[in-house]
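> Mind looking at a prediction? Sequence and model below.
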Amino acid sequence: MNWILLILGGLFEVGFATCLGKAKESSGMAATFWLCGFLICLAISMGLLYKATLTLPIGTAYAVWTGIGAVGTVLVGIFVFKEPADFWRIFFITTLISSIIGLKFVSSH
(Lines give C-alpha, C1' and ligand atoms only; values in the text may rest on other atoms or scores of the structure.)
Protein backbone atom coordinates (compact mmCIF):
# COMPACT_ATOMS: atom_id res chain seq x y z
CA MET A 1 0.00 0.00 0.00
CA ASN A 2 2.82 2.43 0.80
CA TRP A 3 4.28 1.94 -2.68
CA ILE A 4 0.95 3.06 -4.12
CA LEU A 5 0.97 6.13 -1.86
CA LEU A 6 4.52 6.87 -2.97
CA ILE A 7 3.60 6.60 -6.66
CA LEU A 8 0.58 8.85 -6.12
CA GLY A 9 2.83 11.34 -4.31
CA GLY A 10 5.18 11.33 -7.29
CA LEU A 11 2.26 12.00 -9.63
CA PHE A 12 1.19 14.95 -7.49
CA GLU A 13 4.78 16.19 -7.78
CA VAL A 14 4.24 16.19 -11.55
CA GLY A 15 1.04 18.11 -10.84
CA PHE A 16 2.75 20.86 -8.90
CA ALA A 17 5.49 21.23 -11.51
CA THR A 18 2.85 21.42 -14.25
CA CYS A 19 0.95 24.08 -12.31
CA LEU A 20 4.15 26.13 -12.05
CA GLY A 21 4.63 25.92 -15.82
CA LYS A 22 1.02 26.92 -16.48
CA ALA A 23 1.25 29.80 -13.96
CA LYS A 24 4.31 31.07 -15.82
CA GLU A 25 2.29 31.15 -19.05
CA SER A 26 -0.73 32.84 -17.41
CA SER A 27 -1.54 36.19 -15.87
CA GLY A 28 -4.14 37.63 -13.52
CA MET A 29 -6.68 35.27 -12.01
CA ALA A 30 -5.56 32.38 -14.20
CA ALA A 31 -2.05 32.59 -12.72
CA THR A 32 -3.58 32.70 -9.23
CA PHE A 33 -5.62 29.59 -10.04
CA TRP A 34 -2.50 27.71 -11.19
CA LEU A 35 -0.55 28.82 -8.11
CA CYS A 36 -3.35 27.55 -5.87
CA GLY A 37 -3.18 24.25 -7.77
CA PHE A 38 0.56 24.23 -7.15
CA LEU A 39 0.08 24.63 -3.38
CA ILE A 40 -2.60 21.94 -3.22
CA CYS A 41 -0.53 19.45 -5.25
CA LEU A 42 2.56 20.28 -3.20
CA ALA A 43 0.77 19.62 0.10
CA ILE A 44 -0.75 16.35 -1.12
CA SER A 45 2.56 15.20 -2.62
CA MET A 46 4.52 15.90 0.55
CA GLY A 47 1.84 14.31 2.72
CA LEU A 48 1.88 11.12 0.65
CA LEU A 49 5.69 11.04 0.71
CA TYR A 50 5.62 11.38 4.49
CA LYS A 51 3.02 8.61 4.84
CA ALA A 52 5.05 6.27 2.60
CA THR A 53 8.27 6.88 4.55
CA LEU A 54 6.67 5.61 7.73
CA THR A 55 7.39 2.07 6.47
CA LEU A 56 9.67 2.45 3.43
CA PRO A 57 13.37 3.36 3.66
CA ILE A 58 13.71 7.14 3.34
CA GLY A 59 16.50 6.97 0.74
CA THR A 60 14.58 4.63 -1.52
CA ALA A 61 11.27 6.44 -1.06
CA TYR A 62 12.74 9.86 -1.77
CA ALA A 63 14.64 8.65 -4.83
CA VAL A 64 11.54 6.97 -6.26
CA TRP A 65 9.35 10.00 -5.46
CA THR A 66 11.72 12.46 -7.12
CA GLY A 67 12.32 10.07 -10.03
CA ILE A 68 8.59 9.78 -10.74
CA GLY A 69 8.32 13.55 -10.52
CA ALA A 70 11.30 14.09 -12.81
CA VAL A 71 10.16 11.60 -15.46
CA GLY A 72 6.58 12.82 -15.35
CA THR A 73 7.61 16.47 -15.52
CA VAL A 74 9.85 15.86 -18.52
CA LEU A 75 6.99 14.04 -20.27
CA VAL A 76 4.59 16.89 -19.47
CA GLY A 77 7.22 19.30 -20.78
CA ILE A 78 7.42 17.38 -24.04
CA PHE A 79 3.70 16.80 -24.57
CA VAL A 80 2.14 19.90 -22.98
CA PHE A 81 4.81 22.60 -23.16
CA LYS A 82 6.29 21.44 -26.50
CA GLU A 83 9.84 21.03 -25.18
CA PRO A 84 12.28 19.11 -27.41
CA ALA A 85 12.26 15.30 -27.34
CA ASP A 86 15.69 14.56 -28.73
CA PHE A 87 17.51 11.25 -28.50
CA TRP A 88 19.58 12.09 -25.40
CA ARG A 89 16.61 13.35 -23.37
CA ILE A 90 14.68 10.16 -24.11
CA PHE A 91 17.78 8.04 -23.44
CA PHE A 92 18.40 9.57 -20.00
CA ILE A 93 14.73 9.48 -19.03
CA THR A 94 14.76 5.77 -19.92
CA THR A 95 17.79 5.19 -17.69
CA LEU A 96 16.04 7.09 -14.88
CA ILE A 97 12.95 4.88 -15.22
CA SER A 98 15.19 1.80 -15.12
CA SER A 99 16.82 3.10 -11.94
CA ILE A 100 13.45 3.71 -10.27
CA ILE A 101 12.32 0.17 -11.11
CA GLY A 102 15.65 -1.19 -9.86
CA LEU A 103 15.27 0.60 -6.52
CA LYS A 104 11.81 -0.88 -6.10
CA PHE A 105 13.12 -4.40 -6.66
CA VAL A 106 16.10 -4.10 -4.31
CA SER A 107 14.10 -2.46 -1.53
CA SER A 108 13.46 -4.71 1.46
CA HIS A 109 9.84 -3.49 1.83
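Nice, I can see it. Numbering: from 1, shown residues only.

> from here on, contacts and neighbour counts on C-alpha atoms
Fine.

> List the contacts of residue 107.
Contacts for residue 107 were tallied using Cα atoms under 8 Å, 6 or more residues apart in numbering; they are 57, 60.

> so where is this protein shaky, pLDDT-wise?
Counting by pLDDT under 70, the chain contains low-confidence ranges at 108-109.

> what about the residue nearest the centre of the chain, distance to residue 39?
To find the centre residue of the chain, average its C-alpha atoms and take the closest one (Cα atoms, centre = their mean): that gives residue 69, at 1.7 Å. Applying Cα to Cα, to the nearest Å, one obtains 16 Å for the distance of residue 69 from residue 39.

> neighbours of residue 19, just the number please.
Burial measure for residue 19: 23 neighbouring residues, criterion other Cα atoms under 10 Å.

> Please identify which helix or strand holds it.
Residue 19 is part of helix 2-25 when elements are defined by DSSP states H and E.

> buried stuff in the helix or strand just after that helix?
In the C-terminal direction, the helix or strand that comes right after helix 2-25 (DSSP H and E) is helix 28-52. With burial defined by 16 or more other Cα atoms under 10 Å, the residues of helix 28-52 counted as buried are 31, 34-38, 41-46, 48-50, 52.

> Pull the residues that contact stretch 90-104.
60, 63-64, 67-68, 71.

> In it, which residues are buried?
For stretch 90-104, burial by neighbour count (16+ other Cα under 10 Å) applies to 93, 96-97, 100, 103.

> Next one: the residue of the chain most remote from its centre from residue 66, what distance?
Within the chain, residue 28 marks the point farthest from the mean C-alpha position, 26.4 Å out by Cα atoms, centre = their mean. With distances taken as Cα to Cα, residue 28 is found 30 Å from residue 66.

> do residue 50 as well
In this structure, residue 50 and residue 66 are separated by 13 Å, where distance is defined by Cα to Cα.

> What of residue 37?
The spacing between residue 37 and residue 66, counted by Cα to Cα, is 19 Å.

> Next: residue 22.
In this structure, residue 22 and residue 66 are separated by 20 Å, where distance is defined by Cα to Cα.
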